[in-house]
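> I'll drop the sequence and a predicted model, then ask my questions.
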Amino acid sequence: MEKLIITAAICGAEVTKEQNPAVPYTVEELVREAKSAVDAGAAIVHVHVREDDGTPTQSKERFKVCMDAIKAACPDVILIPSTGGAVGMTAEERLQPTELFPEMATLDCGTCNFGDDVFENTMPMMREFGKRMIENNIKPEYECFEMGHLDTVLAMAKKGQVPGAPMQFNFVLGVPGCTPATVQNLCWLVNGIPAGSTWTATGIGRHAFTLAAAAIAMGGNVRVGFEDNLYLSRGVLAKSNGELVEKVVRIAKELGREIATPAEARQILGLTK
Ligand code: KMH
Ligand code: ZN
């Protein structure tokens, strides 16, 4: 099996300090959380940014300041800025981080319920996102929240509307209103990806570590972090993203999977920039 690539989704757009005081808002807090995750074994940091008061933003300037600061503290780490932003943002607003020419960025693969909200990713929007990633030579991480999202993006890749092989998928399971975080659903999705692709599993909330364990056993990769889960175990808030990553590293060690460094992750993902 390849080494395990761990992604830390350190911030997200929805979680707040009221839910867990360690959720980062400021540049300094983002750097603190990124460093804790990377020191614990994360090769990738998935980046959302906030204003100092916690308001989610897709501002290109804010992304630049935050990503530069994270890079200064963790020079080797792979950064995957979000083009999902927060529910209700426009496509143009969401696309701003692509103007910074990151190695990778997320590309969300379809509209879905998101708790009480609707996370809108229409076909025209996705074509626009795909075009921008092709033009700016950015490798997408294809975020699939629903089973049908996989077919959608594979059909787009066949038409050349989004970057093609080798594709990296992130199966985000357990968002309220979307595909549940079961091993059966994960297996169905993994069986549908083209040969030579890479994939990551993200379990939301209490499913974070069960889905991580399944992905580790199946040869996939794992994402954890405050964006997805605020707890280290039932009723115990995580003090940092690093604590969540450390738990994945412990599970991986027990199961005999070694952890990929950022350089090894670049090789596994076929990153060329
Ligand atoms: N904040 C969610 C509505 C992404 O980063 O691309 C969308 C999201 C996906 O977080
Ligand atoms: Zn995200």
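Structure received. Quick caveat, the model's predicted, so the values are computed rather than measured. Ligands and ions are numbered 1, 2, ... in the order given.

> Any part of stretch 160-178 near ligand 1?
No - using C-beta under 6 Å from any ligand atom, stretch 160-178 never reaches ligand 1; the gap is at least 7.6 Å. The way it works is simple: take the backbone N, C-alpha and C, and place the C-beta from them, glycine included.

> List the buried residues in that stretch.
Along stretch 160-178, these residues count as buried under the neighbour rule (16 or more other C-beta atoms under 10 Å): 161-163, 167-175, 178.

> what's the answer for stretch 43-57, then?
Buried, per 16+ other C-beta under 10 Å, within stretch 43-57: 43-50, 54, 56-57.

> cool, stretch 220-240 as well?
Result for stretch 220-240 [16+ other C-beta under 10 Å]: buried residues 220-232, 238, 240.

> and of the buried residues of stretch 160-178, the nearest to ligand 1?
The shortest approach to ligand 1 among those belongs to residue 172, at 7.6 Å (C-beta to the nearest ligand atom).

> In which helix or strand does the closest one reside?
strand 168-173 (DSSP states H and E).

> Then residue 213?
With elements taken from DSSP H and E, the one containing residue 213 is helix 208-218.

> Residue 61 too?
Using DSSP H and E, residue 61 sits within helix 60-73.

> Buried ones in that helix, by neighbour count?
Those would be 62-63, 66-67, 70, for helix 60-73 by 16+ other C-beta under 10 Å.

> The protein: strands as residue ranges?
6-9, 44-47, 49-50, 56-57, 78-81, 104-108, 112-114, 117-119, 139-144, 168-173, 198-203, 221-224, 231-233, 236-237 (DSSP state E).

> Show which residues not belonging to the second one make contact with it.
Around strand 44-47, the neighbours that count as contacts under C-beta atoms under 8 Å, 6 or more residues apart in numbering are 5-11, 30, 34, 37-38, 63, 66-67, 70, 74, 77-82, 97, 104, 106, 141, 223, 225, 227, 262, 265.

> list the contacts for residue 169?
Residues near residue 169 by C-beta under 8 Å, 6+ apart: 141-142, 144, 150, 189, 193, 197-200.
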